[in-house]
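S.K.: Okay, here's the prediction I keep looking at, along with the sequence it came from:
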Amino acid sequence: LAALKATGFEVAQPEARDAMAIALLDCIGDPQPALRDGLAYSALSTWLRARQLSAPTVHALTAGLLAQLRDTRDPGGFRRPFAALLLSEVAHADLVAVLLTAEERDAMVAAIVAYLRGLNDYRGFSDTEGWRHGVAHAADLIGQLSVNTEIAAPAVQRMMDALAARVAPSAKVYYVHGESARLARAAYFTYRRGVLDAAYWERWMNVVASPAPLRDWRAAYGSELGLARRHNTLAFLHALAQAARTGGGATDASLLDAVDQALARVGLDREHQALD
């Protein structure tokens, strides 16, 4: 596998490449980052983006990855996040050229919503263990699925509802590994698609900017949980605002206005308020 990586994962025989792709499914939960991320994920991603896997192999990969994403028995915490990440590569390939069935897309939507709603492992990067990054990987998959015109508004809404609940989880967790930016990217491109109406986005933004379970945002300064919630909410909103400022989309002005209103709800730091 290391020698294969040195060649850019070139495999001359399509049948051999397909067989290796299926075999690599067993590696995405491996505790060694060089095997899990550097080889298994990199090879599968390379082949999917180059459209070098046969249709039956893509369907088999999809089924295998969905099974791993649904399986809660993941003691190391690697398998499910990397299943989500690789499913985002499958979903991207399906955007470029239709590969999946409607049933497979529906299964992806259901699986990622269930995964994100049940997620309680917020580990990101470790020098010794590499990446887990469940929140970011889930956001990547949601981003690919939400912009697919084959997926209807109700399914997009379920994914965005699940994503909103992870902008600032009810845990003493500070997103410091780029999670907020990945969540914002998914939200930004979903907004740009325009399949959800303005009333939905207004409700969605109110959920994101809500201090609950805190009584208000001033109470955030009184607990670690509150400070973490405020940190994550602001990080997300600023990332979403940056996407709207630089994205070049026709709807960016309306999104930026909504984000500015949400930021006003969360409020400035006490230090800034004192200076004012």
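M.R.: Okay, I see it.

S.K.: where does residue 259 land on pLDDT?
M.R.: Here the pLDDT value assigned to residue 259 is 96.

S.K.: same check, this time on the one 5 residues further on
M.R.: Note on residue 264: pLDDT of 93.

S.K.: how far away is it from residue 209?
M.R.: Distance of residue 264 to residue 209, computed by Cβ to Cβ, to the nearest Å: 9 Å. C-beta: built from backbone N, CA, C; applies to glycine.

S.K.: any low-confidence regions in the chain?
M.R.: The chain contains residues with pLDDT under 70 at 268-276.

S.K.: longest helix anywhere in it?
M.R.: Ranked by number of residues, the top helix in the chain under DSSP state H is helix 224-246.

S.K.: just checking, what packs against that helix?
M.R.: With contacts taken as 3 or more Cβ pairs under 8 Å, 6 or more residues apart in numbering; DSSP states H and E, helix 224-246 sits against helix 179-193, helix 198-208, helix 252-266.

S.K.: Could you check which of residue 264 and residue 209 is surrounded by more residues?
M.R.: residue 209 (22 against 10; other Cβ atoms under 10 Å).

S.K.: which residues sit in contact with the more buried one?
M.R.: 233, 237, 262-263, 265-266 (Cβ atoms under 8 Å, 6 or more residues apart in numbering).

S.K.: In the stretch 51-200 of the chain, what residue spans correspond to strands?
M.R.: 125-126, 130-131 (DSSP state E, counting those that start in this stretch).

S.K.: Residue 28: which of these is closest?
M.R.: strand 130-131 (11.6 Å; Cβ to Cβ).

S.K.: That closest one pairs with which strands, parallel or anti?
M.R.: strand 125-126 (antiparallel) (DSSP bridges).

S.K.: now the partner strand, how far from the chain's geometric center?
M.R.: Computed by Cα atoms, centre = their mean, to the nearest Å, the chain-centroid distance of strand 125-126 equals 17 Å.

S.K.: ditto for stretch 135-149
M.R.: 5 Å.

S.K.: tell me the contacts of residue 82?
M.R.: 28-29, 36-37, 40-41, 137.

S.K.: try 10 Å
M.R.: Contacts here follow Cβ atoms under 10 Å, 6 or more residues apart in numbering; on that basis residue 82 touches 27-30, 36-37, 40-41, 44, 65, 68-69, 74, 131-134, 137.

S.K.: go on, residue 1?
M.R.: Applying Cβ under 10 Å, 6+ apart, the residues near residue 1 are 9, 20, 24, 27, 34-35, 38-40, 42-43.

S.K.: what do you get for residue 88?
M.R.: With Cβ under 10 Å, 6+ apart, residue 88 has these contacts: 45, 48, 65, 108, 112, 137-145, 186.

S.K.: What about those residues, which are in helices?
M.R.: 45, 48, 65, 108, 112, 137-145, 186.

S.K.: Mind giving me the PyMOL select for those residues, buried ones only?
M.R.: Remark: buried members of these, expressed as a PyMOL selection using 16 or more other Cβ atoms under 10 Å:
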select buried, resi 45+48+65+108+112+137+138+139+140+141+142+143+144+145+186
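
S.K.: distance of residue 72 from residue 230?
M.R.: 31 Å.
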